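Trainee: no FASTA, just this:
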């Protein structure tokens, strides 16, 4: 994906193959010297809570929805209201995240335990900025391509990418799996992210490594065509049963 034209082509092919409702987005983890001249995210900073936690959005996963519309750059402070997301995206160390009130609340409630937090995949090198935007017009080479999917698309992805990981909470760590491990990973979502993003109940997410995306898209297209062929076959075969149930 060396240029914008190829990114636009891959975005269109992914959208067709998986019948995506939302456009694929790109996520790029960058040093200050690598940041393109992309406008910074311009959302207002919310009033801090009692612990002083705030940011421009409730959690970094909210940027996934904002990036459907335009490209923008973010810094650590933009993500800071969600300490788990700040950790998985490399902005906080584990020790820093463990001291925050929202991580403490999640552990105290029993939603996660300390060991689960310790074992979370995360971006290893602290970025100085993260750029988000529609894959088709991404101003920088992404590290990860994120798509919003439904069950039928997950079926096709599982057939196309046998190594696809299916992950649970928190949703954001699939980005680190794709960025650091080079593995595709889908998430069933998490209660925190669904509440903060307004993600529909039937939707899930999948993070694809940008490296090797061309080959992955070709496999996805092939798997999608096979699924459609089997769907046509089964639909035609099922008509016998519909006619058999009709009154004679």
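Mentor: That came through, no problem. Keep in mind that this is a model prediction, so the values were computed, not measured.
Trainee: would you map the helices across this protein?
Mentor: Counting by DSSP state H, the chain has helices at residues 4-18, 62-66, 76-79, 83-88, 94-98, 101-109, 114-118, 151-160, 173-181, 191-197, 213-244.
Trainee: need the winner for burial among those.
Mentor: Mean neighbour count (mean count of other CB atoms under 10 Å) peaks for helix 83-88 among the helices of the chain, with a mean of 27. (C-beta placed from N, C-alpha, C; glycine too.)
Trainee: what residues does that one touch?
Mentor: 53, 59-61, 76, 79-80, 92-94, 96-97, 100, 102-103, 106, 117, 120-123, 170, 172-173, 175-176, 192 (CB atoms under 8 Å, 6 or more residues apart in numbering).
Trainee: how about a cut-off of 6 Å?
Mentor: For helix 83-88, contacts defined as CB atoms under 6 Å, 6 or more residues apart in numbering pick out 59-60, 79, 92, 97, 100, 102-103, 120, 122, 170, 172-173, 176.
Trainee: state the mean pLDDT of that helix.
Mentor: Mean pLDDT, helix 83-88: 96.
Trainee: hang on, the earlier thing: so which of the helices of the chain gets nearest residue 141?
Mentor: For residue 141, the closest of the helices of the chain is helix 4-18, at 8.5 Å, according to CB to CB.
Trainee: so how far is residue 37 from the residue nearest to the spatial centre of the chain?
Mentor: When the chain is reduced to its mean C-alpha position, the nearest residue by CA atoms, centre = their mean turns out to be residue 146, at 4.1 Å. Per CB to CB, to the nearest Å, residue 146 is found 23 Å from residue 37.
Trainee: returning to that earlier point: residue 25 is nearest to which of the helices of the chain?
Mentor: Of all these, helix 62-66 comes closest under CB to CB, at 6.2 Å.
Trainee: does anything pack onto that closest one? Which helices or strands?
Mentor: Helix 62-66 sits against helix 191-197, with contacts defined as 3 or more CB pairs under 6 Å, 6 or more residues apart in numbering; DSSP states H and E.
Trainee: and the helix it packs on, how far out from the chain's middle?
Mentor: With CA atoms, centre = their mean, to the nearest Å as the basis, helix 191-197 stands 13 Å off its chain's centre.
Trainee: do the same with stretch 74-90
Mentor: 15 Å.
Trainee: i'd like the first residue to be 23 from this point on
Mentor: Let's use 23 as the start, then, which means that last one is stretch 96-112.
Trainee: start to end distance for it?
Mentor: One end of stretch 96-112 to the other measures 13 Å (CA to CA, to the nearest Å).
Trainee: picking that back up, relative to residue 218, which of the contacts of helix 105-110 is nearest.
Mentor: Looking across the contacts of helix 105-110 and measuring by CB to CB, the closest to residue 218 is residue 81, at 4.7 Å.
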